[in-house]
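*Asks:* What would the 3D arrangement of this be:
(chains A and B)
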Amino acid sequence: MSTIFQSLIKKEVLHLVRDFRTVTVVLVMPVVLLLLFGFAISTEVNNVNVAVVVERHTDETRQAIDRLRANPYFTFCGIATHSEVEELLRKGKVDAAVVLRTENGKLTHQIIVDASNTTMAQTSTAYIESVISNSSAGVPVVANTLYNPQLKSAYHFVPGIMGMIFILICAMMTSVSIVSEKETGTMNLLLVSPVRPRTIILGKLVPYFLLSCIILTLVLALSYTVLGLPFSASVVNVVWVTILYIVLALSLGLLISTIASTQVAALLVSGVMFMIPVVLLSGMIFPVENMPLPLQWLSCIIPARWYISAMRVLMIQQLPVGYVLTEVSVLLGMTLAVLALAIKKFNAKK
Amino acid sequence: MNDIIEIQGITKRYSKLTALSQVTLSVPQGSVFGLIGPDGAGKTTLYQILTTLLNPDEGTATVAGLDVVKDFRRLRTVIGYMPEKFSLYPDLTVSENLQFFASLFGVGVNENFDLIAPIFGQLEKFPGRMAGALSGGMKQKLALSCALIHRPSVLLLDEPTTGVDAVSRSEFWDMLAQLKEKGITILVSTSYMDEAERCDRIALINKGKILDVDTPQELIKGLDKNLYNASASDMYPLLEALRRLPGVDDCYTFGATLHVATRDGFNPAEAILDLRRQGLADARIYPAKGNIEDLFIKLAKNDG
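*Replies:* Numbers count the residues shown, from 1 in each chain, chains lettered A, B, ... in the order given. Sure, this is the predicted structure:
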């Protein structure tokens, strides 16, 4: 039995090694995605061009302007008059303007911001507010950003990207590889041989599982070095929850392969069924809490939602696994259900 | 002679379409048995039932005494199956394919190499070539080698010569004859009628029904009577004229000539005169040698 299993694995590894292009794509894609989302695409707001309107110069206004100048998030564009501000905003020369006014000896301020980019507007308003109102407000508000003090967007994206990569690669690759055997007819030969269906299935899943583990190592190494995620012993939890998620993704791929009859269909099903919901509904980019209720319910059946939320707790907050029991048990339940269904459908004779 | 494959009243339906209807057939041990019929006759479905890929809706079948439904796991070790397409891994080499299929059955390549040696001989020159880069005839030989590597007692070949050139086809039938010498029973399907004559026994199958089973010689016996060749320079008017002649049952093109199936009492000399009167000055009618194709057309026509 073990020799049959070994030769099934060996065959699958040969397929992978000879399909050099696919393996390259599969190994390069996670790296590119991580670097893209980690560095290039970010929701951090940098280089906000700010102009200041000062009605009467005082020490306080000078201090406020100095703070703006010193802050790395802002580019100070000089002092403007009331009439110029609108023109500057319209021409895109500045993104925001601060009007400083001294009333009854107290400094008040107004922020005028170009809100054509909502994210930019909201974030920069908050930044300016915190910089200016530092001393002038009666009641000081102290914001304490836990777990991600610098509000780095890499922290936010890494769990999301992992959620997407594994479901895409594992589900897509297993389903395509099984369906391609259906297309060439070799699956029939495997089924006609005395090898048990579960051995055939395992022979398909194990190589892709190993490939996924390589990708996991790659992703974690990048996250903890280049992207600078905080490293701690909780990485053990990250690894085993991810392995559970990988098994779930492989089972989904197996299930797709029992439904799809051509490689193109398998690609479409895994692409459409996973890519779009994972990106839109999993909380990877848009918070689940902000969605209308029906969409929130829908997001509950998306494995990536649970995985990403567990990863945020384990990777970023670095809390013990007790805090993600719900997520882990949902993932485990989904894995068992999908695997059972896939094996049942795979075995079914017409 | 014992029957190694016994099929009793097998029916298989795909929703509305009945692929096989009450098929009963027995294949004697050690014979080359041909399953002859056009595309869509139900040949592949019958193979899928015999190879335990499908379960029949009605009826039973046994191969080497093993039931296709109950003993399917043991049955899989005694059959060698070669599906319609040459199912090999195109990205594995010739020897990797052979080794893989041998390992599926838990045997080594060398154990049964004597059996495939005559077939594999031509492939041994390039063991490192990818199976996808082989020619059609070579792929067929490799697929046959892979189906034989575990020394099955029954070889099930589903249209093994489709898409293969005439020389390779003829070589292939020589190989089957050699395998038969070694005691392997071969059930082979084909839509090439000329291949039927190389089988020991044949079954004619059409629209899911078995039309007739016998040796090729027995089947075509008596066909020559009332069968004529006809030719003229204008073939199409000749075909139409013949179909109108009294005493003619059927008329169809057969190679470069027409075959005319007639009723008893048909007089070719009279018919020629008749045709010449209709302007077909060079019409000729002469006795023909019937073959399986004529029989098949006759049976399929009767079957409606």
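*Asks:* could you measure the residue nearest the centre of chain B against A:L244, distance?
*Replies:* For chain B, the residue nearest the mean C-alpha position is B:T190 (2.5 Å; CA atoms, centre = their mean). In this view, B:T190 and A:L244 are 52 Å apart by CB to CB, to the nearest Å. All C-beta spots, glycine's among them, are computed from the backbone N, C-alpha and C.
*Asks:* Not counting its own residues, what contacts stretch B:290-303?
*Replies:* Here stretch B:290-303 makes contact (CB atoms under 8 Å, 6 or more residues apart in numbering or on different chains) with B:36-37, B:193-194, B:196-197, B:202, B:204, B:206-207, B:209, B:211-212, B:216, B:219-220, B:223-224, B:227, B:250, B:252, B:254, B:259, B:261, B:288.
*Asks:* So which of these are in strands?
*Replies:* Among those, the members found in strands (DSSP state E) are B:36, B:202, B:204, B:206, B:209, B:211-212, B:227, B:250, B:252, B:254, B:259, B:261.
*Asks:* Of these, grab the buried ones for ChimeraX.
*Replies:* Those of the ones in strands among the contacts of stretch B:290-303 that count as buried under 16 or more other CB atoms under 10 Å in any protein chain shown are selected in ChimeraX with:
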select /B:36,202,204,206,209,211,227,254,259,261
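*Asks:* What are the phi and psi values at B:G255?
*Replies:* B:G255 adopts backbone torsions of phi 60, psi -130, taken as degrees, to the nearest 10.
*Asks:* which residues touch it?
*Replies:* So B:G255 contacts nothing (CB under 8 Å, 6+ apart).
*Asks:* mind running it again at 10 Å?
*Replies:* By CB atoms under 10 Å, 6 or more residues apart in numbering or on different chains, the contact list for B:G255 reads B:229, B:293.
*Asks:* so where do the helices sit in chain B?
*Replies:* With helices called from DSSP state H, chain B shows them at B:43-50, B:72-78, B:94-104, B:113-120, B:136-148, B:166-181, B:193-196, B:216-220, B:235-244, B:268-277, B:292-303.
*Asks:* so what pLDDT did A:A143 get?
*Replies:* We have a pLDDT of 64 for A:A143.
*Asks:* And A:S136, by the same measure?
*Replies:* Looking at A:S136, its pLDDT is 48.
*Asks:* Would you check how far apart the nearest residue to A:G203 once chain neighbours are set aside and A:I200 are?
*Replies:* What sits nearest to A:G203 in space, not counting adjacent residues and going by CB to CB, 6 or more residues apart in numbering or on different chains, is A:L8, at 3.0 Å. The gap separating A:L8 from A:I200 is 7 Å, by CB to CB.
*Asks:* intersection of neighbour lists for these two?
*Replies:* With CB under 10 Å, 6+ apart, A:L8 and A:I200 have common neighbours A:190, B:104.
*Asks:* after the longest helix along chain A, next one along is what?
*Replies:* Longest helix of chain A, by residue count under DSSP H: helix A:153-184. Reading on from helix A:153-184 to the C-terminus, the next helix or strand found by DSSP states H and E is helix A:186-192.
*Asks:* list the contacts for the residue nearest to the centre of chain B?
*Replies:* Contacts here follow CB under 10 Å, 6+ apart; on that basis B:T190 touches B:34-37, B:43, B:157-162, B:169, B:173, B:196, B:198-199, B:202.
*Asks:* residue of the stretch 201-304 of chain B with the smallest distance to chain A?
*Replies:* Per CB to the nearest CB, B:G208 is where the stretch 201-304 of chain B lies closest to chain A, at 16.3 Å.
*Asks:* OK, contacts around that residue?
*Replies:* B:10-13, B:17-23, B:37, B:40-43, B:45-46.
*Asks:* swap in A:S116?
*Replies:* Residues near A:S116 by CB under 10 Å, 6+ apart: A:89, A:92, A:95.
*Asks:* For B:V107, which non-adjacent residue is spatially closest?
*Replies:* Closest to B:V107 by CB to CB, 6+ apart is B:H150, at 5.2 Å.
*Asks:* what are the phi and psi values for the one you found?
*Replies:* Per-residue torsions, B:H150: phi -100, psi 20 (degrees, to the nearest 10).
*Asks:* need the contact list for it.
*Replies:* A:193-194, B:76-80, B:101-107, B:111-112, B:115.
*Asks:* Show me the contact partners of the strand or helix carrying A:T75.
*Replies:* Applying DSSP H and E as the criterion places A:T75 in strand A:74-80. Strand A:74-80 has contacts (CB under 10 Å, 6+ apart) with A:45-54, A:57, A:61, A:65-70, A:84, A:86-88, A:93-100, A:124, A:127-128, A:131.
*Asks:* Show me how far the helix or strand following it is from its chain's centre.
*Replies:* Beyond strand A:74-80 on the C-terminal side, the first helix or strand identified by DSSP H and E is helix A:82-91. Offset of helix A:82-91 from its chain centre (CA atoms, centre = their mean, to the nearest Å): 38 Å.
*Asks:* which residues are contacting helix A:82-91?
*Replies:* Contacts to helix A:82-91, defined as CB under 10 Å, 6+ apart, come from residues A:49, A:51-53, A:55, A:77-78, A:80, A:93-99, A:112-114, A:116.
*Asks:* Which helix or strand in chain A has the lowest average pLDDT?
*Replies:* Least confident helix or strand, chain A: helix A:118-136 with a mean of 75, by mean pLDDT, DSSP states H and E.
*Asks:* So what's the predicted local confidence for whichever residue of the stretch 51-200 of chain A sits closest to chain B?
*Replies:* Residue of the stretch 51-200 of chain A nearest chain B, by CB to the nearest CB: A:G185 (3.5 Å). A:G185 is assigned a predicted lDDT (pLDDT) of 87.
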